[in-house]
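Novice: pasting the sequence and the predicted model now:
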Amino acid sequence: MKKAEIICALALLTFAGIGTVEAVRLGFGWGPSGPRAGFFPFWLSLILGACSVVILAKAIRMDPAGETARKPFVSKKSLRPVMAVFLPMVGAVVLIEVTGFYLTSALYLAFFMRWMGRHSWVGSLAASLLFPVAAFLILERWFLIPMPKGMFGEYLPF
Amino acid sequence: MEALANLIHGFNIAISPFNLMIAAFGIFLGVIIGVIPGLGGTSGVAILLPLTFTMSTTSAIVFLSCIYWGALFGGAITSILFNIPGEPWSVATMFDGYPMAKQGKAGQALAAAFIPGFFAALVSIILFTFFAPPLAELALKFGPAENFAVLTLAFSTFTGLGGGSAAKTIGSACVGFLLASVGLDIVTGRPRLNFGSITLLSGFSFITASIGLFGVGEILLAAEEALEFKGVQGRIGLKDIWVTIKTLWRNLFTWITGTILGFWIGVMPGTGATPASFMSYGIAKQYSKHPEKFGTGVPEGVIATESAAHAAGIGALLPLITLGIPGSPTAAVILGGLYIWGLQPGPMLFVEQKDFVWGFIASMYIGNVMGVVFCLSMLPVFAAILKTPYAILTPLIILLSAIGAYAVKNTMLDIWLLLVYGVIGYVFKKLKYPLAPLVIALVLGDMTEEALRQSLILSGGSLAIFFTRPIAAGFMILTIFLFLLPAIRPLARRVGRTFKVEEVKKAGGD
């Protein structure tokens, strides 16, 4: 937990640093029409920087033998289920980029139900057909909200 | 009695067949969203926001607010039957609701959530009906300095009342503000912080952020505990309802305290139903005749929590409509909706958009009546939804999140950002960074910056403008107090402790 706190505070500090550099480039002082474009981001970056230094200092001073410090950020036991949810999620996003939303949702649902949930083939296939069809009708037909079509975009008539 | 005439006019609009249908649909979806863990009211409203783009503005707000009421009702179902909070604001409902269910009193526990919740909502709507217009009138006198003062107050309540680390709260809000400032500068029109990217020129969408931070983040957290839904069937007989009404009568004081506290916390910008429910539970326990029984299945615990949550849900929309400031994270998402529908939230709404405002207020009465009737009658069906296995629920929520994120701007970037926000939400929650300030800052960032810069232009660069105007000064002083509260509190406690030690010494010496 201690390591995670330090890394997170450093990430925030970097974010604040980027903000400050950009704000200085834009100018944060007084311009012809009042405060310049960088004025607001400049002060916020400074406050964020100050906050991250406070968090960092607290994290470093944290007693390494204490309960919160020793508790791992993700325990070995729970890392597996988290990854089992996260990795397919990333896979699905990549797949949406390539094959579009509807095919991906069918594959993703079928995969998750069959391999993660150990549902029957029939149930998995039924759900993975039902969802894209329902989503298609509701989104594209009724509410006219387009979803990404990936490489099929040119071939499909909708 | 102008309010009454307006209200009747509002009912005429809200009772149109389409609006009634959309309200019923909203309540139905809301209850489902409330029941499903990992899909909160905030992300639920955010996901369904794009559905409103083709509706009229009144139907759109009726739809979104009814989802909110539905979610307020639905959250309790999961908490009581499965000991999993369906919503953040029903966490405290679990404390006594689940023990009651285990004792076979699931029906009474659910009724104790729905009925007092409904009456709390009703009282709050009546308060809303009669106090919203005067508040809006007061708000008309607001200039940029006052606006900025109120906006900072919204953020100060997080540091002062939110508990947790002040540095993390302020840091989280700053990240939101910085993300909000990406894109075109609102005053000079200069592109900034986009690092040459054209997609980023339109800025970061708060919808993607709230779905990712809350929705996807919660799913990753839930995966850790490998949720399995096992529950008891809940069915409410007429007898349970009667028993609950008698219990409510005996605990009238708890209910009144919960309702008033909830409404007030809801109206205070930036908080909302979740802190209200916890505070009400704490107060009910503190003033109970038998505090030791709390947590073992006493209906007071459920009554206190749910009445405060429902009252806060209504209260949170008051500053949203009158001042353009959301009283809760969900209200912040609805605020974003108002902008998208082309409405300028704030005091002018009452003048320019009478149909919209009063149609919406009337729909709150209708929506909450529908909600309580629906929940009391459809309970077995909702218990069946929760039997949906984890392996179906998780991909479904992810796919729904992707729809919500993509529908905002039709860019794949938003779907990728969903993953990034999901990881940030997961990390932030584990390290106890509050997420709500980030989302609220992202929504309100432009407004805050504009108010601040306009005030400074007015005053020629002097910060004194915030203290020389009476209304602004009042808000500013309250803001500063709340910001300093985390620093003052331990100090005050230390002073208190020394006094006590001295008293004890004196007492011992005598």
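Specialist: The structure has been received and is ready for your questions.

Novice: the nearest residue to B:Ala304 once chain neighbours are set aside - how many residues pack around it?
Specialist: When the adjacent residues along the chain are set aside, B:Ala304 lies closest to B:Ala284, with 3.5 Å between them (CB to CB, 6 or more residues apart in numbering or on different chains). Placement of C-beta: from N, CA and C, glycine included. A count of neighbours around B:Ala284, defined by other CB atoms under 10 Å in any protein chain shown, yields 29.

Novice: which secondary structure element contains B:Ala284?
Specialist: In this structure, B:Ala284 is located in helix B:273-287 according to DSSP states H and E.

Novice: what's that helix packed up against?
Specialist: Applying 3 or more CB pairs under 8 Å, 6 or more residues apart in numbering or on different chains; DSSP states H and E, one finds that helix B:273-287 makes contact with helix B:91-102, helix B:252-267, helix B:299-315.

Novice: most tightly packed of the ones you listed?
Specialist: Mean neighbour count (mean count of other CB atoms under 10 Å in any protein chain shown) peaks for helix B:299-315 among those, with a mean of 33.

Novice: state the distance from B:Ile477 to chain A.
Specialist: Computed as CB to the nearest CB, to the nearest Å, the B:Ile477 to chain A distance reads 20 Å.

Novice: now the helix holding B:Ala284: mean pLDDT?
Specialist: Mean pLDDT, helix B:273-287: 76.

Novice: run through who's touching it.
Specialist: Applying CB atoms under 8 Å, 6 or more residues apart in numbering or on different chains, the set of residues contacting helix B:273-287 from outside is B:72, B:88-93, B:95, B:161-162, B:253-254, B:257-258, B:261-262, B:265-266, B:291, B:294, B:300-301, B:303-313, B:316, B:328, B:330.

Novice: coming back round to it: which of the helices and strands packed on helix B:273-287 has the lowest mean pLDDT?
Specialist: For those, mean pLDDT drops lowest on helix B:91-102, to a mean of 80.

Novice: dihedrals phi and psi, residue 49?
Specialist: Picking chain A for this. For A:Gly49, the backbone dihedrals are phi -60, psi -50 (criterion: degrees, to the nearest 10).

Novice: run a quick neighbour tally on it.
Specialist: If you count neighbours by other CB under 10 Å, A:Gly49 ends up with 20.

Novice: then B:Phe481?
Specialist: The burial count assigned to B:Phe481 is 12, neighbours taken as other CB under 10 Å.

Novice: give me the three-state assignment for it.
Specialist: helix (DSSP: H, G, I helix; E, B strand; the rest coil).

Novice: backbone phi and psi for the closest residue to B:Lys168 other than its chain neighbours, please?
Specialist: With CB to CB, 6+ apart as the criterion, B:Lys168 has its nearest non-adjacent residue at 4.5 Å, and that residue is B:Tyr433. Here is the backbone geometry of B:Tyr433 (degrees, to the nearest 10): phi -90, psi 130.

Novice: B:Tyr433 against B:Gly171, yeah?
Specialist: Yes. Taking contact to mean CB atoms under 8 Å, the distance of 7.1 Å between B:Tyr433 and B:Gly171 places them in contact.

Novice: between those two, which one's more packed in?
Specialist: When B:Tyr433 and B:Gly171 are compared on other CB under 10 Å, the one with more neighbours turns out to be B:Gly171, at 30 against 23.

Novice: who does the host helix or strand of the more buried one touch, helix- and strand-wise?
Specialist: With elements delineated by DSSP H and E, B:Gly171 resides in helix B:166-180, which encompasses its position. Judged by 3+ CB pairs under 8 Å, 6+ apart, the packing partners of helix B:166-180 are helix A:2-26, helix A:39-61, helix B:144-161, helix B:436-459.

Novice: and these: which comes nearest B:Ser56?
Specialist: helix B:436-459 (23.0 Å; CB to CB).

Novice: check contacts around A:Gly38.
Specialist: In this structure, A:Gly38 makes contact with A:22-28, B:192, judged by CB under 8 Å, 6+ apart.

Novice: show me the helices in the stretch 101-250 of chain B, by range?
Specialist: For the stretch 101-250 of chain B, helices defined by DSSP state H, counting those that start in this stretch occupy the ranges B:106-140, B:144-161, B:166-180, B:206-210, B:217-224, B:238-250.

Novice: can you name the residue of the stretch 351-500 of chain B nearest to chain A?
Specialist: B:Ala391 (2.2 Å; CB to the nearest CB).

Novice: so what's the closest residue to chain B within chain A closest to, chain neighbours aside?
Specialist: Nearest residue of chain A to chain B, counting by CB to the nearest CB: A:Gly117, 2.2 Å away. Beyond its immediate neighbours in the sequence, the residue positioned closest to A:Gly117 (CB to CB, 6+ apart) is B:Ala391, lying 2.2 Å away.

Novice: over to B:Met370?
Specialist: B:Ile27 (5.0 Å).

Novice: and the one you found, how many neighbours does it have?
Specialist: Neighbour tally, B:Ile27, other CB under 10 Å: 30.

Novice: what separation do you get for it and B:Leu72?
Specialist: B:Ile27 is 10 Å from B:Leu72, where distance means CB to CB, to the nearest Å.

Novice: list residues touching both of the two?
Specialist: With CB under 8 Å, 6+ apart, B:Ile27 and B:Leu72 have common neighbours B:Gly371.

Novice: what's the helix or strand the residue nearest to B:Met370 falls within packed up against?
Specialist: B:Ile27 is located in helix B:17-35, with elements delineated by DSSP H and E. On a contact count with 3+ CB pairs under 8 Å, 6+ apart, helix B:17-35 meets helix B:2-14, helix B:41-48, helix B:57-82, helix B:354-385.

Novice: could you give the angle of it to helix B:41-48?
Specialist: Counting by axes from the mean of the first three to the mean of the last three CA atoms, to 10 degrees, helix B:17-35 lies at 130 degrees to helix B:41-48.

Novice: chain center to helix B:17-35, what's the gap?
Specialist: Helix B:17-35 has its average C-alpha position 18 Å from the chain's average C-alpha position, going by CA atoms, centre = their mean, to the nearest Å.

Novice: buried residues of it, list them for me.
Specialist: Residues of helix B:17-35 classed as buried: B:19, B:22-35 (neighbour count, 16 or more other CB atoms under 10 Å in any protein chain shown).

Novice: just curious, which of the residues you listed is nearest to B:Trp341?
Specialist: Distance ranking of the buried residues of helix B:17-35 against B:Trp341, using CB to CB, places B:Ile22 first at 14.2 Å.

Novice: that closest one contacts B:Ser56, doesn't it?
Specialist: No. Between B:Ile22 and B:Ser56 no contact is recorded; they are 9.8 Å apart, counting by CB under 8 Å.

Novice: can you pull the pLDDT of the closest residue to B:Gly474 other than its chain neighbours?
Specialist: Here the nearest residue to B:Gly474 in space, its sequence neighbours aside, is B:Ala149; by CB to CB, 6+ apart that works out to 8.0 Å. Model confidence at B:Ala149, given as pLDDT, is 81.
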